[in-house]
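Student: Mind looking at a prediction? Sequence and model below.
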Amino acid sequence: MIQNRVNENSELHLRLREQLQELEKAKEDEIANNKELREENSELETQLNKIKERAREEQDETERLRREIANLTQENKKLKQDNEKLSQPPPLPPVVPKELATLVEHYNNNPEALISYKPADVSLTEQSFSQHRKDNNQPLFFGEETTDKQFRVVFIGSETGNKFLFPKNNTLPKAGLYSQYKYIFECRGYQEKVTTKFRLVYPAKVTKSGVMWELKERGELEFLGGGES
């Protein structure tokens, strides 16, 4: 009987050992599986990071291309505008009546030639000048109320005919007056502190407005380099 119990204990011990070995084997397999899963997860995470990085690079490239397209579109628009300007013919010079053309020539030789036309000596009114600088739609007016008269109104034909505004002299009396001249005449070739003498190309045109004269058309001056005579 004792022998039977010994045999049973031996069999039980053997079965327990086998079960323990099976559990250890299962544990080892599980550890191995977990290691493989971790490696797979790590590889997947690496691939995912690479995909994200590529996506960021592609997004950056897309933004760069968009900026380039926008810049090229703007450049093309500017080129188109420039081409349209170049394709337009230059403005025709004003038709100068013979008598006025002769007077302009005499004026450029000697501004005192205007005296024979009994001109009205005028100056630009401060009020209209101030308003025009703020809003160039506001008209410029010339009057006789000041002593510092820088311009002369000449009647061509008769007192009811065309009225033209000439600078009193063919040099800028002082540099500060250029701020007035540029609104009355197109000033070609002007250089601050370099050019003061000019040639009259065409006088400005004015009309009578009450006791004053109103500027209707700008004239044109060509400044001579270095104050040449």
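Tutor: Yep, it's here.
Student: Give me the below-cutoff pLDDT ranges for the chain.
Tutor: Within the chain, the segments meeting pLDDT under 70 span 3-6, 82, 85-97, 158-161, 175, 225-229.
Student: Tell me which stretches of the protein form strands.
Tutor: Secondary structure of the chain (DSSP state E): strands located at 120-124, 141-143, 151-156, 162-167, 185-188, 198-202, 204-209, 212-217, 219-223.
Student: From Glu53, how far out is the residue nearest the centre of the chain?
Tutor: The residue lying closest to the centre of the chain (C-alpha atoms, centre = their mean) is Lys78, at 11.0 Å. Remark: distance between Lys78 and Glu53 (C-beta to C-beta, to the nearest Å) = 38 Å. All C-beta atoms are positioned from the backbone trio N, CA, C, and that covers glycine.
Student: Off-centre distance for stretch 57-68?
Tutor: 25 Å (C-alpha atoms, centre = their mean, to the nearest Å).
Student: and if you look at stretch 7-18?
Tutor: On C-alpha atoms, centre = their mean, the centre of stretch 7-18 falls 97 Å from that of its chain.
Student: okay, it in PDB with CA atoms only?
Tutor: Extracted C-alpha coordinates of stretch 7-18, given in PDB (Å, rounded to 0.1, in the frame of the first residue of the first chain):
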ATOM      1  CA  ASN A   7       3.900   5.500  -7.200                       C
ATOM      2  CA  GLU A   8       1.000   7.900  -7.200                       C
ATOM      3  CA  ASN A   9       3.100  10.700  -5.800                       C
ATOM      4  CA  SER A  10       5.700  10.100  -8.400                       C
ATOM      5  CA  GLU A  11       3.100  10.200 -11.200                       C
ATOM      6  CA  LEU A  12       1.700  13.400  -9.700                       C
ATOM      7  CA  HIS A  13       5.100  15.000  -9.500                       C
ATOM      8  CA  LEU A  14       5.800  14.000 -13.000                       C
ATOM      9  CA  ARG A  15       2.600  15.500 -14.300                       C
ATOM     10  CA  LEU A  16       3.200  18.700 -12.300                       C
ATOM     11  CA  ARG A  17       6.700  19.000 -13.800                       C
ATOM     12  CA  GLU A  18       5.300  18.500 -17.300                       C
END
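Student: Can you check which helix is longest in the chain?
Tutor: helix 2-87 (DSSP state H).
Student: Now do the residue nearest to the centre of the chain against Glu57, distance only.
Tutor: Taking C-beta to C-beta, one finds Lys78 at 32 Å from Glu57.
Student: re the thing from before, nearest to Glu11, out of the strands of the chain?
Tutor: Closest approach to Glu11 among the strands of the chain (C-beta to C-beta): strand 185-188, 122.6 Å.
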